[in-house]
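Asks: Next input, structure requested:
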Amino acid sequence: MYERILVPTDGSPEADAVVDHAAGLAAVHDADLHAVYVVNTAGYAGLPGDGAVGGLSAMMNEQGETALDRAAERAGDSPTERVLVEGSPSAEIVDYADEAGCDLIVMGTHGRGGIDRLLLGSVAERVVRTSPVPVLTVRVGGNPDNGTDESA
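Replies: Presented below is the predicted three-dimensional model:
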């Protein structure tokens, strides 16, 4: 059913559960796993000075490589393509899924609602709305009974 599964990761402990779920699906379906880390360049596009941006970019790329190493390690025996891209996270995830021919995106969501979702936005929500392929969301963090974040 699935041949290529995309799992965006940020390298956080919460993302581990998402990678584990995606790797499990990949194993069951004998699919390749595509771990993607997006360096959110929109977050520092307005910073002054090339030197500061270059240093920040290098640091964020290093964090991305670490996150991808972590995802590949957690994927175990599942063949894993490691991809680091720059841009808007939701747009890059959807674009990569389309370009790489992925048939499923597995990603985490914090399950925020109300004002938190309105103020913070949701990468997962934007991916679900714009993806040409199915998106499976895995709830990370928080308490599923009341929607509060236990780590706060």
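
Asks: pretty sure residue 78 is touching residue 27, no?
Replies: Yes: counting by C-beta atoms under 8 Å, residue 78 does reach residue 27; the two are 5.7 Å apart. In short, each C-beta sits where N, CA and C put it, glycine included.

Asks: Of these two, give the one with the bigger neighbour count.
Replies: Each of residue 78 and residue 27 has its neighbours counted (other C-beta atoms under 10 Å); residue 78 has more, 21 against 14.

Asks: my read is that one is in a helix, agree?
Replies: No: counting by DSSP: H, G, I helix; E, B strand; the rest coil, residue 78 is located in no helix; its state is coil.

Asks: excluding its backbone neighbours, what's nearest it?
Replies: residue 26 (4.2 Å; C-beta to C-beta, 6 or more residues apart in numbering).

Asks: need the contact list for that neighbour.
Replies: Residues in contact with residue 26, defined by C-beta atoms under 8 Å, 6 or more residues apart in numbering, are 2, 5, 32, 33, 75, 78, 79.

Asks: gap between the first one and residue 33?
Replies: Between residue 2 and residue 33 the distance is 10 Å, computed by C-beta to C-beta, to the nearest Å.

Asks: Going by neighbour count, list what's buried in the helix or strand hosting residue 36.
Replies: Residue 36 belongs to strand 32-40 when assigned by DSSP states H and E. Residues 32, 33, 34, 35, 36, 37, 38, 39 are the ones in strand 32-40 that count as buried (16 or more other C-beta atoms under 10 Å).

Asks: Sheet-wise, list the partners of it with their directions.
Replies: Counting by DSSP bridges, the strands paired with strand 32-40 are strand 4-8 (parallel), strand 80-87 (parallel).
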